[in-house]
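Asker: build me a model from this:
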Amino acid sequence: QVQVLESGGGLVQPGGSLRLSCTASGRIFKIDDMGWYRQTPGNQRELVASITSSGRIKYADSVQGRFTVSRNNGVNTVYLQMNSLKPEDTAVYYCFVGARRSEIELAVIHWGQGTQVTVSS
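Answerer: This next block holds a predicted model:
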């Protein structure tokens, strides 16, 4: 079993910053892609940022230049530094981890429990 634990959400004023963290633990041989999605009520989950094991990064156009995704492979953790936050960034943010249990198995996506980010004055 793989557990994924998120932390770091909260309430922040427009223009402010937050940092989300997500750590995977359990039976893990290797982690491939990691990253973050977000979801607002009535809408589909959308990709915010992802990072591969080799460090290749993707961002949603709406967060490019404001958000930074990074990872520490030694502790199976991915981070999302969010700067210049806007009210439209308000959402539940979900971490995902693509973890393999062995060298020959394909990665399976595991999700965090979600953390609320609210940007409001």
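Asker: tell me the secondary structure of the residue of the chain positioned farthest from its centre, please.
Answerer: Ranking residues of the chain by C-alpha distance from their mean position (CA atoms, centre = their mean) puts Ile104 at the top, at 25.7 Å. With DSSP: H, G, I helix; E, B strand; the rest coil as the basis, Ile104 sits in coil.
Asker: what residues are up against it?
Answerer: Under the criterion of CB atoms under 8 Å, 6 or more residues apart in numbering, Ile104 has no neighbours. Bear in mind the C-beta positions are built from the backbone N, C-alpha and C, glycine included.
Asker: number the residues from 19 up from this point.
Answerer: Sure, I'll start counting at 19 from here, so that last one is Ile122.
Asker: residue closest to the middle of the chain?
Answerer: Closest-to-mean residue, the chain, CA atoms, centre = their mean: Trp54 / 2.7 Å.
Asker: so what pLDDT did that residue get?
Answerer: If you check Trp54, the pLDDT there is 98.
Asker: state the distance from it to Gly116.
Answerer: Separation of Trp54 from Gly116 (CB to CB, to the nearest Å) stands at 13 Å.
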